[in-house]
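Engineer: Okay, here's the prediction I keep looking at, along with the sequence it came from:
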Amino acid sequence: MLTPPASASSNYPALFLQAVERVLSNEGGYSSLPGDRGGATNFGISQRDYPMLDVRNLTREEVVAIYFRDFWQPDRYRDLPAPLAVKLFDLAVNMGPEHAIRCLQRALRSCGDAVLEDGVLGDLSVAAVKRAECFALLTALRSEAAGYYRATAAARAAHGQSEFLEGWLNRAYQ
């Protein structure tokens, strides 16, 4: 497992560090695959989303800072039970926050809480997560994420780009 230097770790909440470790282990280092719509990526930070950065030469500390600023802080992962916060954050980095939160909201519905599927991690969704049985919700979230990835792969297959499905499913069921 990748471990940030003590100085970097002290600047971030423990739950974020746990979540970002999952992301970094899933994303790996630098890659530039022809089928990746984001173009070159480094630990999941894509050249498409960050065109002004030298993605190839990003340091681990810079990547962690980007994830904290651009992914962790804007949403309310910190308000969720740890296993769900880590899972949802990892999915949000990979599929985008709105898609990940919609998967969570559909999972909540499958657990019996009829929340609105709006892609926003608001007060009602957070309260529903806290009411839910954590293991059941995590299981339902994994299933919803796998369904999202399968649909995405099917849409890409129509354009000859479905090589990521196995990795996505591994991530969904992790």
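Structural biologist: Yep, that arrived.
Engineer: Now Thr41: closest residue in space, sequence neighbours ignored.
Structural biologist: In space, and not counting its chain neighbours, Thr41 is closest to Ser31: 5.7 Å by CB to CB, 6 or more residues apart in numbering. All C-beta atoms are positioned from the backbone trio N, CA, C, and that covers glycine.
Engineer: typo on my end, Leu58
Structural biologist: Asn42 (4.7 Å).
Engineer: For the one you found, give me the pLDDT.
Structural biologist: On pLDDT, Asn42 comes in at 91.
Engineer: Do I have it right that it meets Ile66?
Structural biologist: No - with contacts counted by CB atoms under 8 Å, Asn42 stays clear of Ile66, the gap being 10.1 Å.
Engineer: So for the two, which sits in the more crowded spot?
Structural biologist: Neighbours were counted for Asn42 and for Ile66 using other CB atoms under 10 Å; Asn42 has more, 24 against 18.
Engineer: so what's the more buried one up against?
Structural biologist: Taking CB atoms under 8 Å, 6 or more residues apart in numbering, we find Asn42 in contact with 29-31, 55-58, 63.
Engineer: and it, backbone torsions?
Structural biologist: In terms of degrees, to the nearest 10, the main-chain angles of Asn42 are phi -140, psi 110.
Engineer: hey, what's it bridged with?
Structural biologist: Note on Asn42: beta-bridge partners by DSSP bridges are Tyr30, Ile45.
Engineer: that older thread, could I get the contacts of Asn42 as a markdown table with distance to Val120 and pLDDT?
Structural biologist: Listed next are these as a markdown table, based on distance: CB to CB, whole Å; pLDDT from 0 to 100:
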| residue | distance to Val120 | pLDDT |
| --- | --- | --- |
| Gly29 | 32 | 84 |
| Tyr30 | 33 | 86 |
| Ser31 | 31 | 81 |
| Val55 | 29 | 92 |
| Arg56 | 34 | 93 |
| Asn57 | 35 | 94 |
| Leu58 | 29 | 94 |
| Val63 | 26 | 96 |
